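A predicted structure for the sequence below; I have some questions about it.
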Amino acid sequence: FLRVRPYAFYYCKKQGCKCECACFMRERYCPNCGHVRFLHYSSFKRDVSNPIIKFGYMGAGKTAFGKLRQDILQRCMLRRTKEERKADLKLPPIKVIIRKDKLSKQEMDFYSSIYMQSCVKFDTFVHSGTVLHNYAHIFDLLTSLRRAVDHPYLIVYGGGQGTHKLPAGKALLPANAGKVCGLCQDDIDENEETMREAKCGHVFHDECIRAYIADAPALKSGGVGCPVCFTKLTVNLEDADDEGDGTEETPKKKSRKAVYCTPAKTAKPRSSSPAPKAKAKTAKLALPAPAEETSKSVAKGGFGPGSIMKKVKASEFQSSTKIEAVVDEINKMIQGDNGAKGIVFSQFGSMLELLEFRLKRAGITCVIFRGGMSMQAREDALAAFNEDPNMKVILISLKAGGEGLNLQVANHVFLMDPWWNPASEMQAIQRAHRIGQTKAVKAVRFITSDTIEEKIIKLQEKKQLVFDASIDGSATSLGKLTEQDLRFLFQH
């Protein structure tokens, strides 16, 4: 405590004794005053820690928090906040609102079944006295509840079925799914001869990718970029030119050179309708480099082998209340200011993939940014968002983009799901509200009524009270759930 008086010392309760020592003695008698050890007391424990533990935020506990803040922390801490330096920073105002939506009857029925299973499992741990010994398993139960709120797909095809047994009638999804065109977002039959797979792993209808290449403006470095992941595009357009000529099959020709492109900064946003078919001859381009075999691996940043979109038929895709709420807010953003851009944060990468599909279906251009992407893919995604005026939205996982990113080009922030630690959400919002921002910033937090998310918000308020009372600059303790917190979350 840096010798903070009186809280750093032990004192003797014997009348008239002025003994004080910085550390508690191990001997039976105090070496300074000769009195027995139990007559000595810690000022910090008596006046600060014990009242907080016993009374919490009320009564004597509230008084103890005031002593902790004013008498101890403010005397030994140097802490600057944006609020204190507002005049120097000259930052525009920021507005944080909470949007509450109700799940549909079908979604609530699905969520309720998952919630009841979770409560039964949690009660088992409570009765056996092993709550904290099963902390990881309980956290999995909570994560599944949060996934069920976002979209039932995250449980059925996102890994939640390992934690919960899905009741009969709750499997809302198609059993089989094919590939999805990265431009028109329609299903592609894997047996379709006109399917084109880029080297980065994304697939397109032949007519869609040809129209895209012909439409996209050339860059200084030459070519265009993949419309999904914005890495250099390499795609083989060889087969379609040889179709329907009425001639017999000829020996295999020399491999045609593949198309090498770089990210398109001003590519036009794609609508949900397929691109018009292009004639075979119009797709013959000057191809500058030797052909390479198409890689079967998918770029980290698009729909990989484990992607949830690999398991969902595009033609049978069902949205969710949370996704539709986000799309509604993004549409309002674009209608209010055509030059506005937004950042969408979510805890779950699968949820970002579902939202990406829904936004592209609505004709809203977006790019995804996740922790598993390569450094080059990250740079391409950020460059596309910062420099392309048509790129309206960037989708970021909270852990990947909560720290270290400067995204002042955006003035809208959308938080799809709450987190235990309110400081993590504030860090995410600060990606847009920082030096260099010239517009007023609006942040929207999406919450669904009568679900686990409402209880998470109450926990956040409780933890924020602790943070405000003690001015804990690190805020690391705020992310830890206590046994009382867990009981509250599973309370019927």
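Okay, I see it. Numbers count the residues shown, from 1 in each chain.

so who does residue 317 touch?
Residue 317 makes contacts with 357, 358, 361, as judged by C-beta atoms under 8 Å, 6 or more residues apart in numbering. In this view, the C-beta of every residue, glycine as well, is placed from N, C-alpha and C.

The second one: which element?
Counting by DSSP states H and E, the element that carries residue 358 is helix 349-361.

After that helix, heading C-terminal, what element do we hit next?
Heading C-terminal from helix 349-361 (DSSP H and E), you reach strand 366-369.

tell me the average confidence for that next one?
The average pLDDT within strand 366-369 is 89.

So, low pLDDT: which residues of the stretch 51-200 of the chain?
57, 78-88, 159-178, 182, 185-193 (pLDDT under 70).

ranges for the strands of it?
94-101, 179-180, 187-188, 195-197 (DSSP state E, counting those that start in this stretch).

hmm, back to that, who wins for neighbours among the contacts of residue 317?
residue 357 (21 neighbours; other C-beta atoms under 10 Å).

what's the helix holding residue 358 packed up against?
helix 153-156, helix 321-336, strand 342-346, strand 366-369, strand 393-397 (3 or more C-beta pairs under 8 Å, 6 or more residues apart in numbering; DSSP states H and E).

please redo it, this time with the cut-off set to 10 Å
helix 135-150, helix 153-156, helix 321-336, strand 342-346, strand 366-369, strand 393-397 (3 or more C-beta pairs under 10 Å, 6 or more residues apart in numbering; DSSP states H and E).

between those, which one is nearest to residue 48?
Evaluated with C-beta to C-beta, the helices and strands packed on helix 349-361 place helix 135-150 nearest to residue 48, the distance being 28.2 Å.

Now do the buried residues in the closest one.
138, 140, 141, 142, 143, 144, 145, 146, 147, 148, 149, 150 (16 or more other C-beta atoms under 10 Å).

Looking at the contacts of residue 317, which is nearest residue 95?
Closest to residue 95, out of all of those and judged by C-beta to C-beta, is residue 358, at 25.5 Å.

shouldn't that closest one be in contact with residue 320?
Yes - proximity of residue 358 to residue 320 meets the contact threshold set by C-beta atoms under 10 Å, at 9.1 Å.

okay, and the common contacts of the two?
residue 326 (C-beta atoms under 10 Å, 6 or more residues apart in numbering).

Which residues lie in contact with residue 96 in this structure?
Taking C-beta under 10 Å, 6+ apart as the test, what residue 96 contacts is 413, 415, 425, 426, 429, 433, 441, 442, 443, 444, 445.

I'd like these laid out as TSV, including neighbour count, secondary structure and distance to residue 92.
Below are the contacts of residue 96 laid out as TSV (neighbours: other C-beta atoms under 10 Å; DSSP: H, G, I helix; E, B strand; the rest coil; distance: C-beta to C-beta, whole Å):
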residue	neighbour count	secondary structure	distance to residue 92
413	25	strand	13
415	25	strand	19
425	22	helix	20
426	15	helix	17
429	20	helix	13
433	24	coil	8
441	21	strand	7
442	23	strand	11
443	23	strand	13
444	22	strand	17
445	21	strand	19
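
for the residues you listed, which one is nearest residue 343?
When the contacts of residue 96 are ranked by distance to residue 343 (C-beta to C-beta), residue 413 comes first, at 5.1 Å.

Skip the chain neighbours and tell me the closest residue to that closest one.
residue 443 (4.2 Å; C-beta to C-beta, 6 or more residues apart in numbering).

In stretch 382-395, which of the residues would be classed as buried?
382, 383, 384, 385, 386, 388, 391, 392, 393, 394, 395.

From those residues, pick the one nearest residue 116.
Nearest to residue 116, judged by C-beta to C-beta, of the buried residues of stretch 382-395 is residue 395 at 31.9 Å.

mind listing what the closest one touches?
Neighbouring residues of residue 395 by C-beta under 10 Å, 6+ apart: 326, 342-346, 349, 351-353, 355-356, 359, 366-370, 381, 385, 401, 414, 416.

which residues pair with it across the strands?
residue 344, residue 368 (DSSP bridges).

ok, now how distant is it from residue 356?
6 Å (C-beta to C-beta, to the nearest Å).

Can you check which residues contact both of those two?
In contact with both residue 395 and residue 356: 344, 366, 367, 368, using C-beta under 10 Å, 6+ apart.

what's the farthest-apart pair in these?
Every pair of the shared contacts of residue 395 and residue 356 checked by C-beta to C-beta; the farthest is 344 and 367, at 10.7 Å.

Which neighbours do these two have in common?
356, 393, 394, 395, 396.

Surely the third one is in contact with residue 364?
No - checked against C-beta under 10 Å, the pair residue 394 and residue 364 is beyond contact range at 11.7 Å.

Give me the common contacts of those two.
By the contact definition C-beta under 10 Å, 6+ apart, residue 394 and residue 364 are jointly contacted by residue 342.

ok, back up a step: output the contacts of residue 317 as CSV; include the columns pLDDT.
Below are the contacts of residue 317 laid out as CSV (pLDDT from 0 to 100):
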residue, pLDDT
357, 90
358, 92
361, 88
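
could I get these as a markdown table with distance to residue 104?
Shown next, in a markdown table, are the contacts of residue 317 (distance: C-beta to C-beta, whole Å):
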| residue | distance to residue 104 |
| --- | --- |
| 357 | 19 |
| 358 | 16 |
| 361 | 19 |
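
Closest one of those residues to residue 113?
Using C-beta to C-beta, the contacts of residue 317 come closest to residue 113 at residue 358, 24.6 Å.

got a pLDDT number for the nearest residue to that closest one once chain neighbours are set aside?
In space, and not counting its chain neighbours, residue 358 is closest to residue 323: 5.4 Å by C-beta to C-beta, 6+ apart. Residue 323 is assigned 95 on the pLDDT scale.
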